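> Got a sequence here, can you build the structure:
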Amino acid sequence: MTDPRRVLFVCARNDVRSPMAEALLRHTDPADFLAFSAGLEATEIDPRTFESLEHINVDASGLRSKSLEDFEGQEFDYVITLCDKSREEAARMPFTGEVIVWNFEDPTTSERHDPFRHTLQEIGDRIKMFITVKTRPVPQAPSVSDS
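Okay, here's the model as predicted:
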């Protein structure tokens, strides 16, 4: 068994999209991944983030807004950016394995109906794909026997 891979989700403020992603990955595959989130700046998590997660029975306890500085010097297998503002910053971080760029509309400024649940659904779908791709077994070369 290998150690869980460390994933850091980064967004501008760490108030909606990145904490959603952190909670969803923790909920969906805690055996293979350790999930964290941070913002270019720390703020307060939007209460609608908690409401959206609770609505789909995802544990949001312990979620708090953190800044990138809180993770300085730590290594991550994956840094996943969730908005355009965080993309350039994450690419410059020296403590990453692979940087993955995702972009989701900010539900706090969205005109969509029920934007928080819509964003949560989009992030959840992307995380399921990420898990599928990153946990797929590596094909083994056929063994050569001396028979």
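
> tell me the strands in the chain, going along the chain?
Here the chain has its strands, by DSSP state E, at 5-11, 33-39, 76-81, 96-101.

> Rounded mean pLDDT for stretch 9-17, please.
Taken as a whole, stretch 9-17 has an average pLDDT of 92.

> Report the distance from it to the chain centre.
In terms of Cα atoms, centre = their mean, to the nearest Å, the centre of stretch 9-17 is set 9 Å apart from its chain centre.

> name the helices or strands packed onto the lowest-mean-pLDDT helix or strand in the chain?
Lowest by mean pLDDT, DSSP states H and E among the helices and strands of the chain is helix 84-91, with a mean of 72. If you count contacts as 3 or more Cβ pairs under 8 Å, 6 or more residues apart in numbering; DSSP states H and E, helix 84-91 packs onto strand 5-11, strand 76-81, strand 96-101. In short, each C-beta sits where N, CA and C put it, glycine included.

> Now do it: distance to the chain's middle.
Put simply, helix 84-91 sits 14 Å off its chain's centre (Cα atoms, centre = their mean).

> Give me the contacts around that helix.
Contact partners of helix 84-91, identified using Cβ atoms under 8 Å, 6 or more residues apart in numbering, comprise 10-12, 39-40, 68, 79, 81, 96, 99, 101, 103.

> how about the strands of the chain in TSV, adding distance to Ile131 and mean neighbour count?
Shown next, in TSV, are these (distance: least, Cβ to Cβ, whole Å; neighbours: other Cβ atoms under 10 Å):
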stretch	distance to Ile131	mean neighbour count
strand 5-11	10	25
strand 33-39	7	23
strand 76-81	11	22
strand 96-101	13	15
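
> In a markdown table: the ones you listed, plus distance to Ile56.
Compiled in a markdown table, the strands of the chain are given as follows (distance: least, Cβ to Cβ, whole Å):
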| stretch | distance to Ile56 |
| --- | --- |
| strand 5-11 | 17 |
| strand 33-39 | 16 |
| strand 76-81 | 20 |
| strand 96-101 | 23 |
